[in-house]
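Colleague: how does the following fold in three dimensions:
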Amino acid sequence: MLLQVLGTAAGGGLPQWNCACPGCTGARAHPERRRRHASLAVRAGEGRWYVVNATPDIGEQIEGASELHPGPGARQTPVVGVVLTDAELDHTLGVARLREAHDGVDVLATAPVLDAVRDGLRLDAVLGPYTRLRWRELGGGGGEPLGGGGGVPLDGESGDASGITVSAVPLSAKKPRYASNTSDLRDSWSIALRLHDPGTRRTLLYAPALARWSDAFDEAVRDADCVFVDGTFWDDAEPLRSGFSTRTATAMGHLPIAGPGGTAHRLARLPGRCLYTHLNNTNPLGNPHAEQHKLLAEWGIEVAAEGMVIEL
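Modeller: Alright, predicted model coming up:
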């Protein structure tokens with residue numbers, strides 16, 4: 001399984017266009033600190049890649065990853081599909097930027113997320129005249145033993161039974177604001193994405209938003225060889241301290257990294273490789289010289305870097 005990190009920032013990116021907080025100001029002064037919206041590219045087969053979450057930066061992210069560049073045909077692209085972990089705008093608006101896809105695009109997501117982006121955002125109707133979107137429902141864990149792989153083929157067109165499988169670990173019923181009037185309370189609105197390679201028997205778990213550490217999520221992280229976890233806020237009071245919110249990190253649906261209820265102490269006990277992604281512009285980890293990086297290193301945890309390649 002080959003993966004490339006396309007972005008590591010939370011909503012708005014770093015810097016955020018309308019923000020002058022220390023993190024955004026620092027990123028403007030030091031371009032190496034800039035971060036695009038959190039996303040990941042997964043190779044499903046030779047010349048076939050899926051993007052995990054289609055962010056507003058998807059065009060720039062593709063240009064920044066040579067494996068995703070078009071060719072050799074004039075309109076031939078290796079980007080064949082998108083997998084969504086939720087229906088938030090920061091993870092779905094990039095689907096519209098794929099309207100030029102000559103051969104169409106696969107979109108994999110759970111049932112409530114598919115309903116939201118097709119009907120709430122009307123992407124099906126809006127993009128229909130431009131390209132063909134193939135909507136595929138992503139099921140939950142289903143109770144199968146995690147060690148056995150489970151899931152459905154990531155690449156529905158390859159016909160390779162030995163290819164990467166994908167499944168969802170439901171996390172919460174947190175809905176985007178534009179879908180707040182729906183009565184659907186399923187916990188598959190926000191998921192952790194589980195990718196399994198039956199050839200290497202290696203597993204990746206990608207959870208850019210984590211509202212609670214459930215038993216199902218705990219089982220999934222313990223089974224995974226590599227885990228990307230929500231690193232939106234360093235501690236629970238960060239949103240309050242920044243002055244941009246009246247809610248704590250937990251109240252906003254993001255478990256903090258450090259402090260009581262934080263995820264770092266749980267990740268430090270895991271045998272697999274653990275990385276944080278989806279960093280908010282107020283998170284001190286956006287500064288590579290911040291003391292918090294030393295703490296993470298002591299715990300054996302990393303901050304995902306844009307462009308990094310991971311092979312499992």
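Colleague: so Ala41 is in which element?
Modeller: Assigned by DSSP states H and E, Ala41 belongs to strand 39-45.
Colleague: now that strand - C-alpha only, PDB.
Modeller: Output of strand 39-45 as PDB, limited to C-alpha atoms (Å, rounded to 0.1, in the frame of the first residue of the first chain):
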ATOM      1  CA  SER A  39      -6.000  14.900   2.600                       C
ATOM      2  CA  LEU A  40      -4.300  11.700   1.600                       C
ATOM      3  CA  ALA A  41      -3.800   9.900  -1.700                       C
ATOM      4  CA  VAL A  42      -3.900   6.100  -1.900                       C
ATOM      5  CA  ARG A  43      -2.600   4.000  -4.800                       C
ATOM      6  CA  ALA A  44      -5.200   1.400  -5.600                       C
ATOM      7  CA  GLY A  45      -3.400  -0.100  -8.600                       C
END
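Colleague: which SSE is immediately downstream of it?
Modeller: Next element after strand 39-45 (DSSP H and E): strand 48-52.
Colleague: quick one: mean pLDDT over the helix or strand that comes right after that following strand.
Modeller: Next along the chain after strand 48-52, taking DSSP H and E as the criterion, comes helix 58-63. Per-residue pLDDT over helix 58-63 has a mean of 98.
Colleague: returning to what we had before: now do the strand holding Ala41 against strand 48-52, angle only.
Modeller: With axes from the mean of the first three to the mean of the last three CA atoms, to 10 degrees defining the directions, strand 39-45 sits at 150 degrees from strand 48-52.
Colleague: list the strands paired with strand 39-45, with their directions.
Modeller: strand 2-7 (antiparallel), strand 48-52 (antiparallel) (DSSP bridges).
Colleague: got a markdown table for those strands, with mean neighbour count, mean pLDDT and distance to Pro129 too?
Modeller: C-beta here means a position set from N, CA and C on the backbone, and glycine is covered the same way. Below are the strands paired with strand 39-45 laid out as a markdown table (neighbours: other CB atoms under 10 Å; pLDDT from 0 to 100; distance: least, CB to CB, whole Å):
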| stretch | mean neighbour count | mean pLDDT | distance to Pro129 |
| --- | --- | --- | --- |
| strand 2-7 | 22 | 98 | 28 |
| strand 48-52 | 24 | 98 | 23 |
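Colleague: nearest to Val80, of those?
Modeller: Of all these, strand 48-52 sits nearest to Val80, with 5.1 Å by CB to CB.
Colleague: am I right that Val82 sits in a strand?
Modeller: Yes - checked against DSSP: H, G, I helix; E, B strand; the rest coil, Val82 lies within a strand.
Colleague: mind pulling up the pLDDT for it?
Modeller: Per the predicted model, pLDDT is 98 at Val82.
Colleague: quick one: it from His278, how far?
Modeller: 17 Å (CB to CB, to the nearest Å).
Colleague: what does Met1 give?
Modeller: Counting by CB to CB - Met1 and His278 are separated by 21 Å.
Colleague: strands of the chain, residue ranges please.
Modeller: 2-7, 39-45, 48-52, 79-83, 105-109, 133-137, 152-153, 165-172, 190-197, 202-207, 226-230, 273-277, 302-303, 309-311 (DSSP state E).
Colleague: which parts of the strand holding Ala41 are buried?
Modeller: For strand 39-45, a neighbour-count test (16 or more other CB atoms under 10 Å) marks Ser39, Leu40, Ala41, Val42, Arg43, Ala44, Gly45 as buried.
Colleague: contacts for that strand?
Modeller: If you take CB atoms under 8 Å, 6 or more residues apart in numbering as the criterion, strand 39-45 is touched by 1-7, 49-55, 57-58, 61, 65, 67-68, 80-81, 83, 94, 154-155, 158, 160, 163-164, 195, 206, 228.
Colleague: got the angle for that strand vs strand 190-197?
Modeller: 30 degrees.
Colleague: centre of the chain to strand 39-45, how far?
Modeller: 11 Å (CA atoms, centre = their mean, to the nearest Å).
Colleague: same thing with stretch 272-285?
Modeller: 12 Å.
Colleague: picking that back up, neighbour-wise, which of Val82 and His278 wins?
Modeller: His278 (29 against 23; other CB atoms under 10 Å).
Colleague: pLDDT value on that one, please?
Modeller: 98.
Colleague: now it: how far from Asn53?
Modeller: 10 Å.
Colleague: wait, Tyr276 touches Leu285, no?
Modeller: Yes - counting by CB atoms under 8 Å, Tyr276 touches Leu285, with 7.1 Å between them.
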